[in-house]
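> Let me see the structure of the following:
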Amino acid sequence: MATKGLYYTPPGTDGSEYAHRQRIASHYQTSALNKSRLKYCIFFHYLLFFAMLAKLSADILDKLDIFILEIEELHIPEPLWWEYIWCISLLLSFLGLEAIKKNKVSLMRNYMTGLVLFGFLPLFYAVIYYFSDVWTYLTFEEDEDLEDVHMWQGYPYGMLWYAFILLSIQVHLFSLYFAWNLLTAWRVKGTKKYE
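Down below sits the predicted model:
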């Protein structure tokens, strides 16, 4: 068979006749994009958990009767109950990852509900609990004394918690947003099946 040149392609074989088949349904694109983004949020949740675990390490080691001088010298304040409750929210990430893997609507709903209960509620409690310290620190005059503000290693303890809370709330809000987008995409997929 003779060709009309080195780079000749016979008409109809360049793949353009299948262009209509190469489109991906929008709900599949949305699902893939939001799955990836939710995995990133869960990764950042793990990082925040390890920061919280470092804070709780002194109390955990005390309960296990393990004495490490370097940790004891830091004089880490005693943890409050909300810190341990917030740590439970990490376990929910496994629910979210399982929902992503299997496209399970019920698991994703449980993940979102658990994130509100064990992620947001303890953080809102902490915002209220440390508000007076933070407000006192932010509104003090130069001639006033900061003896009412709880300090740790020279830093206002409430402000340190507010930094952690701000990051955690952002991660949880994005997680809920991406989880909601996944639920919406999965519902569209389910309704199109039955049409």
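
> any idea how far residue 112 is from residue 92?
The span separating residue 92 from residue 112 equals 9 Å under the rule Cβ to Cβ, to the nearest Å. Quick note: C-beta positions are derived from backbone N, CA and C, even for glycine.

> Same check on residue 65?
39 Å.

> more neighbours, the two?
Comparing residue 65 with residue 112 by other Cβ atoms under 10 Å, the one with more neighbours is residue 112, at 21 against 6.

> The protein: helices as residue ranges?
Here the chain has its helices, by DSSP state H, at 26-63, 69-72, 81-102, 105-115, 121-139, 157-194.

> Flag whichever of those helices has the least confidence on average.
Averaged per stretch, pLDDT over the helices of the chain is lowest on helix 69-72, reaching a mean of 71.

> For the helices of the chain, give me a markdown table that also has distance to residue 147.
Putting the helices of the chain into a markdown table (distance: least, Cβ to Cβ, whole Å) gives the following:
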| stretch | distance to residue 147 |
| --- | --- |
| helix 26-63 | 24 |
| helix 69-72 | 25 |
| helix 81-102 | 25 |
| helix 105-115 | 38 |
| helix 121-139 | 10 |
| helix 157-194 | 14 |
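
> out of these, nearest to residue 151?
Distances from residue 151 to each of those were compared by Cβ to Cβ, and the smallest falls on helix 157-194, at 6.4 Å.

> can you pull the buried residues of that closest one?
For helix 157-194, the buried set under the neighbour-count rule, 16 or more other Cβ atoms under 10 Å, comprises 157-159, 161-162, 164-165, 168, 171-172, 174-176, 178-179, 181-183, 185-186, 188.

> cool, stretch 120-133 as well?
Applying a neighbour-count criterion of 16+ other Cβ under 10 Å, one finds 120, 122-123, 126-127, 130, 133 buried in stretch 120-133.

> Kindly format the C-alpha coordinates of that stretch as PDB.
The C-alpha trace of stretch 120-133 is given here as PDB (Å, rounded to 0.1, in the frame of the first residue of the first chain):
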ATOM      1  CA  PHE A 120     -16.400  21.000  65.800                       C
ATOM      2  CA  LEU A 121     -18.100  20.800  69.200                       C
ATOM      3  CA  PRO A 122     -14.900  20.400  71.300                       C
ATOM      4  CA  LEU A 123     -13.300  23.200  69.300                       C
ATOM      5  CA  PHE A 124     -16.200  25.600  70.000                       C
ATOM      6  CA  TYR A 125     -16.100  24.700  73.600                       C
ATOM      7  CA  ALA A 126     -12.300  25.600  73.600                       C
ATOM      8  CA  VAL A 127     -13.100  28.900  71.900                       C
ATOM      9  CA  ILE A 128     -15.500  29.900  74.700                       C
ATOM     10  CA  TYR A 129     -13.200  28.500  77.400                       C
ATOM     11  CA  TYR A 130     -10.200  30.500  76.400                       C
ATOM     12  CA  PHE A 131     -12.000  33.600  75.200                       C
ATOM     13  CA  SER A 132     -11.500  35.600  78.400                       C
ATOM     14  CA  ASP A 133      -7.700  35.000  78.300                       C
END
